[in-house]
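[1] pasting a predicted model and its sequence here:
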Amino acid sequence: MDLIYRFDPYAPLDFKRPKTNKEALKTLVQGNQRFASTVEHLQKISEGEKPESMVFPINPVQLGVPWMGGLEPMHAPFAAVLGCADARVPIEHIFDCSANDLFVVRVAGNVLGLECIGSIDYAATALRESLRSVIVLGHTGCGAISAATDVYLAPSSFATIAFSHPVRTLIDRIMVSVRSSADALEEVYGSKVSKQKNYRELLINASCFVNAAITAYDLQREVNSVSKGLVVSYSIYDMAWASANATPIRSKDEAFDRKAFATAPSNPEDLQRVSREIATCLSPASNPKKS
């Protein structure tokens, strides 16, 4: 099977940009659906099928190449994304976005440090003319969140990182999300949920989503202080299904049935509601009776 990237020098250049937050999110959703369709198409090869070749139209603007020599493109992203540094989550690719579409800030665990806040503040002010949306994007199987979860489940393991200030900073920032997720799981499934064999997996999965929601909550307050009208949303990229979702999924059938983005919680009570909603979407091996 061939993957063909085709450039037509006579095709009109499309400079259309999203004009609202709703349009920006729709553009990202549609891009993720195209990416997931491409992934599924490629996976059919391993299943013994012989799918047809795929043709991708492309132009210099999408590649970030100056259309005219000696003239640099205007910096005009329509969304700012705070994502994780994980190499398995190429943000422009999973949303099928071109160069200059996304202002991307990446850090392990998509935590909100001062440098990240400064970068997003810059986008919200200097790039406000084109910027329509701010996104916090986490992903399943996050190593930073897994590390924080292990520290929560076995506090003695914290000793191995206690004297590494940079790593300790990441763990400390994520720990709030892990504790909130543990409380939500217990509230939804009962106090015995921690005895489930897959509890660690459940807690990591829930924490990935809750961490994105908490970061979005904090980031919305920061954005409000420098630029009015920008909405912060959050999502999680599920690496198993190549789809972005605001709540956990359990199968391919659910991958695009759920909302891709959710608006940042507006207050602590709303954040607790989101944590419970996330916990409800997960399935322990057998739900113990509440006690």
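    Structure's in. What do you need?
[2] what about this structure, any weak spots by pLDDT?
    For the chain, the stretches with pLDDT under 70 are 1-2, 13-15, 51, 67-68, 157-163, 255, 285-291.
[3] so where's the longest helix in it?
    Selection of the longest helix in the chain by residue count, based on DSSP state H, yields helix 199-226.
[4] ok now the helix or strand just after that one, how far from the chain's centre?
    Elements were assigned by DSSP states H and E; along the chain past helix 199-226, the next helix or strand is strand 232-238. Remark: strand 232-238 is offset 4 Å from the chain centroid, using CA atoms, centre = their mean, to the nearest Å.
[5] how about whatever helix or strand comes next after strand 232-238: buried residues?
    Tracing the chain C-terminally past strand 232-238 and defining elements by DSSP H and E, one meets strand 243-245 next. The neighbour-count check on strand 243-245 (16 or more other CB atoms under 10 Å) flags 243, 244, 245 as buried. Placement of C-beta: from N, CA and C, glycine included.
[6] list the residues that contact the residue nearest to the spatial centre of the chain.
    Among the residues of the chain, residue 137 comes closest to the average C-alpha position under CA atoms, centre = their mean, at 2.0 Å. Contact partners of residue 137, counting by CB atoms under 8 Å, 6 or more residues apart in numbering, are 81-84, 89, 91, 110, 212, 234-237, 244.
[7] how about residue 211, what does it touch?
    Applying CB under 8 Å, 6+ apart, we find residue 211 in contact with 109, 110, 111, 138, 142, 145, 174, 177, 178.
[8] and which of these is nearest to residue 190?
    Distance to residue 190, by CB to CB, is smallest for residue 178 among the contacts of residue 211, at 18.9 Å.
[9] now name the helix or strand holding that closest one.
    Per DSSP H and E: helix 165-189 holds residue 178.
[10] can you mark which positions in that helix are buried?
    Within helix 165-189, the residues scored as buried using 16+ other CB under 10 Å are 170-171, 173-175, 177-178, 180-182, 184-189.
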